[in-house]
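Chemist: Sequence and predicted structure are below.
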Amino acid sequence: MREDTIPHLLWRNVKRSSDRVALRQKDFGVWQEISWNEYGRHVRHFCLGLLSLGLKRGEHVSIFGENNPEWLYADLATQSAGAVSVGVYPTNPPKEAKYVIGHSESVFVVCDDQEQVDKVLEQKADLPALRKVIVIDMKGLRRYKGPLILSFEEVEQLGRELDQKDSGLYGQLLFNLRPEEVALMVYTSGTTGPPKGAMISHANVLNMLKAMTQVLPQYETDETVSYLPLCHVAERMMSVFVPLYVGSTVNFAESLETVQMAMREILPTVFLGVPRIWEKMLSGVIIRMKDASWLKRKIFEGFFQVGQRVTRLNLDKKPAPLGLCLLHGLGDLFLYRALKLELGLLRTRVVLSGAAPISPEVLKFFHSVGIPVLEGYGMTEQTGVACANRPDDVRLGTVGKPLPGVEIQLAEDGEILIRCPHNFVGYYRDPEATARILEGGWLHSGDVGEWDSAGSLKITDRKKEIIITSGGKNIAPSEIENRLKVSPYITQAIVIGDRRKYLTALIQIDYENVGKWAQERNIPYTTFKSLAQNPQVYELIRREVEEANRDFSSVETVKKLTLLEKELDHDDDELTATLKVRRKAINERFGHLIEAMYKG
Amino acid sequence: MKKPHLQIETLHLRFGGIEALREVSLTVGEGELLAIIGPNGSGKTSLLNCINGVYRPQEGKILFEEEEITHQKPDHIARMGIGRTFQNVELFRNMTVLDNLLLGRHVRFRSDILRDGFLGYRNREELDHRRKVEEIIDFLEMEQWRKTLVRNLPYGVQKRVELGRALAQEPRLLLVDEPTSGMNQEETEDIARFILDIHEEVGTTIVLIEHDMGVVMDISDRICVLNFGKKIADGPPPEVQGDPEVVKAYLGEEMQKVEGKESRS
């Protein structure tokens, strides 16, 4: 059996372990299991259904919705037909969704519910290529029934009928697939311009998988919980590609709000978090410890320190003295186990952080409580992963060493250049940008980095975002921003200072945690705005910033700060779908606040 | 007009000298979403209370599915298939969302002491009820609060739980009393969406009391306007909106308020 395209991996698993659980979904409060056999059947029928609706090789199908098994069926069905699947962020406002669906010239959009259908219909006039909207959950759509809208089941039914008429058709489709063909497109989040569609081939994905699993081996018995947006290359890797490659099980929570609960029930063995998730988990623990009884707090502090010492020794590859080992064992009994269970990370073997830079402070915390989070680095344009810390070789603050088969070079200005078998095919309908980023056969990452003494890569920042102060000093704002976000009271921080005398920061407070803090002190507030305007809150944040400042040299410290009076929002164009800050929009919108910090 | 589901004929309700409802006649078609609006104290809630048997009108008749229910007890009316939510949240605060919803299934429990002896029967029945309740949790998107005590929930969610409890009864007619009062914009939109979903997906006939005109105009098929216990208008939203009597009723209230303030000062 061939194993050189993504759908072929699925069918190998169907053959090899047909009744094993491939997917699990919580429905009506009960985990429902889906075997590889059923997974395959859904993909086969949905694929043939799309075919009978007229899907042709090389056309595009957009998938617009939250994570669920149907997302995966649609993805693999599209690829089986030799077409290209395109993920759209479920949080995208109508205009951004239209951009992706329109730019990719998608002929079908698979939506998960009425919310997404509304967004598509609102923009229908600007989507001439769109032929059908296929809906997974038809709830609330009775009155829309028209020739444009079709349910997911109806398409599967069409596929079943076609399968009965011509049972060899699907096999023929698979036979026609070529590894070098484009399988999917991932639209980059677009912190600067509009998103670009990165074309990724079957071979790209398989090469990436080969390299990645050598460093971070995974097995059939592994479990993962799918919760980050599937259109992002990192989550696609963790809940589609790797499970297909090794035959592990993917679990879907009922909704984003219940992910924590699902984690505790499943206890995944493989888990990928983005920095925002790790920061939230960390602040959750800190806040709860502040509320805990005196005894609990002391136990936490004591064993946390033990954990820190053991971690430091481990990272330096030095043996820990026997006494410390014993204490550490006790700590497991009293603290680490309970904490890991609470976070749903008790069984995790492979714990990763990626997609954005994370503060080493956050990583240190998790290592100290026995959750060895490994930071990795990669780009959409090279199928997601280039470097990773190895479980036995962790260097905090770096993204580790290149994966096997990945070559990394630093350009003269420090830009990271990558050459590997999983460098992408190119940007869709943008040969110029493709030529620019792949100049000389190297992928120009746009990130600036440096090697540390042990040969691990350290990422400084995005090339474009490096701040050069009027004193001529180069400063990486994201390092400072991530340090600020370690505070449970700070959700977003934007450091400013390009061509200025000193650094300042715009800060968005954490509504929940600061709100709680205010309530405990009887500080009245009604809305986010009134909370952010409170002088005592300002004082709290100022202290947090001062605390962070201690970790930096004096030119790198934040001298003045302003609290934002509204929460930054994707809908308002201030954040990308992955919650990265759009600096340009922020500079425009809050220009007056910034200027005020440099006056007088 | 569709087949009448609920018929109210010349209803009179008096509390001593106060006439809460005066000659109110109203027909609600099967599968219709009727909104009742009117100034404060115009008798909207009294009308609902008459329908589900809390108040006993002095005159007039109420027919539900062509059966007279005028002087029936509330529990009997609930069993017949009329569900209800209240203006102020009336839930069991120290119970979980799940238990509150399961309680809503009470009218549907068939087992009794005799049948409880056969454990198999009871377990099966409980499973069926749990399944139904889980469907409602899914429908109203309350998965994250399944095991949360009601008193720990935000007000907007409590209202949603109450709607869920009414749904658990599987009513054919649902009476909803001011579902959006005290809610913020987002919560209001959510609830309006859910009511519309219940109406369209389940096909339940709904009588809705609501103050938020945006919601009323958006989702209802027909609007009935009460003023001082009298029905002053009844028709599709655009028609009612332009009705001079209705405008007067609302404006009149404003005028009274202004006058009241002046006379006090």
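Modeler: The structure has been received and is ready for your questions.
Chemist: Moving C-terminal from the lengthiest helix in chain A, which element do we reach first?
Modeler: Within chain A, and with DSSP state H defining each element, the longest helix by residue count is helix A:294-315. Stepping forward along the backbone from helix A:294-315, the first helix or strand reached (DSSP states H and E) is helix A:322-331.
Chemist: other SSEs contacting that next one?
Modeler: Applying 3 or more CB pairs under 8 Å, 6 or more residues apart in numbering or on different chains; DSSP states H and E, we find helix A:322-331 packed against helix A:294-315. Bear in mind the C-beta positions are built from the backbone N, C-alpha and C, glycine included.
Chemist: So which bits of the helix it packs on are buried?
Modeler: Of the residues in helix A:294-315, those buried by neighbour count under the rule 16 or more other CB atoms under 10 Å in any protein chain shown are A:Ile299, A:Phe300, A:Phe303, A:Phe304, A:Val306, A:Gly307, A:Val310, A:Thr311.
Chemist: confidence score at the nearest residue to A:Val555 once chain neighbours are set aside?
Modeler: Sequence neighbours aside, A:Lys473 is the residue nearest to A:Val555 in space, at 5.0 Å (criterion: CB to CB, 6 or more residues apart in numbering or on different chains). At A:Lys473 the predicted local confidence, pLDDT, stands at 83.
Chemist: returning to what we had before: return the list of helices and strands in contact with the longest helix of chain A.
Modeler: Counting by 3+ CB pairs under 8 Å, 6+ apart, helix A:294-315 packs on helix A:275-291, helix A:322-331, helix A:360-368.
Chemist: For the longest one, give me every contacting residue.
Modeler: The list of residues contacting helix A:275-291 from outside it, by CB atoms under 8 Å, 6 or more residues apart in numbering or on different chains, reads A:273, A:296-297, A:300, A:339, A:343, A:353, A:355-359, A:362-363, A:365-366, A:373, A:482, A:485-488, A:510, A:513, A:516, A:579.
Chemist: Pull out the buried residues from it.
Modeler: Within helix A:275-291, the residues that qualify as buried by neighbour count (16+ other CB under 10 Å) are A:275-287.
Chemist: These into JSON lines, with extra columns for pLDDT and distance to A:Asp27?
Modeler: Below are these laid out as JSON lines (pLDDT from 0 to 100; distance: CB to CB, whole Å):
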{"residue": "A:Pro275", "pLDDT": "92", "distance to A:Asp27": "31"}
{"residue": "A:Arg276", "pLDDT": "89", "distance to A:Asp27": "28"}
{"residue": "A:Ile277", "pLDDT": "91", "distance to A:Asp27": "25"}
{"residue": "A:Trp278", "pLDDT": "94", "distance to A:Asp27": "29"}
{"residue": "A:Glu279", "pLDDT": "92", "distance to A:Asp27": "31"}
{"residue": "A:Lys280", "pLDDT": "91", "distance to A:Asp27": "27"}
{"residue": "A:Met281", "pLDDT": "93", "distance to A:Asp27": "27"}
{"residue": "A:Leu282", "pLDDT": "94", "distance to A:Asp27": "32"}
{"residue": "A:Ser283", "pLDDT": "92", "distance to A:Asp27": "32"}
{"residue": "A:Gly284", "pLDDT": "91", "distance to A:Asp27": "27"}
{"residue": "A:Val285", "pLDDT": "93", "distance to A:Asp27": "31"}
{"residue": "A:Ile286", "pLDDT": "92", "distance to A:Asp27": "35"}
{"residue": "A:Ile287", "pLDDT": "91", "distance to A:Asp27": "32"}
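Chemist: Show the pLDDT at B:Leu34.
Modeler: 94.
Chemist: Pop out the phi and psi values for the spatially closest residue to A:Gly65 that is not a sequence neighbour.
Modeler: Once its chain neighbours are removed from consideration, A:Gly65 has its nearest residue in A:Asp112; the separation is 2.7 Å (CB to CB, 6+ apart). Listed backbone geometry of A:Asp112 is phi -90, psi -30, with angles given as degrees, to the nearest 10.
Chemist: related to what we said a few turns ago, out of the buried residues of helix A:294-315, which comes closest to chain B?
Modeler: Minimum separation from chain B among those (CB to the nearest CB) is found for A:Phe300, which lies at 24.6 Å.
Chemist: Contact partners for residue 87?
Modeler: By default, I'm working from chain A. Contacts here follow CB under 8 Å, 6+ apart; on that basis A:Gly87 touches A:Ser62, A:Ile63, A:Phe64, A:Asp75, A:Leu184, A:Val186, A:Tyr187, A:Pro229, A:Leu230, A:Cys231, A:His232, A:Arg236.
Chemist: my bad, chain B
Modeler: Listed by CB under 8 Å, 6+ apart, the contact partners of B:Gln87 are B:Thr45, B:Asp177, B:Glu178, B:Ser181, B:Ile209.
Chemist: now do 6 Å
Modeler: Listed by CB atoms under 6 Å, 6 or more residues apart in numbering or on different chains, the contact partners of B:Gln87 are B:Asp177, B:Glu178.
Chemist: I'd assumed it was in a strand, is it?
Modeler: No: looking at B:Gln87 with DSSP: H, G, I helix; E, B strand; the rest coil, it is coil, so not inside a strand.
Chemist: how near is it to chain A?
Modeler: 24 Å (CB to the nearest CB, to the nearest Å).
Chemist: what pLDDT does that residue get?
Modeler: Confidence at B:Gln87, expressed as pLDDT, is 83.
Chemist: Equivalent analysis for A:Thr258, please.
Modeler: What the model reports for A:Thr258 is a pLDDT of 90.
Chemist: how about it, secondary structure?
Modeler: For A:Thr258, the secondary structure call by three-state DSSP comes out as helix.
Chemist: Tell me where the stretch 101-250 of chain A has helices.
Modeler: Per DSSP state H, counting those that start in this stretch, the stretch 101-250 of chain A has helices spanning A:114-122, A:152-165, A:169-176, A:202-215, A:233-236, A:242-246. These are given in chain order.
Chemist: ah, wrong one, I meant the stretch 101-250 of chain B
Modeler: Assigned by DSSP H, counting those that start in this stretch, the stretch 101-250 of chain B shows helices spanning B:113-116, B:119-139, B:155-168, B:185-197, B:213-219, B:237-242, B:244-264.
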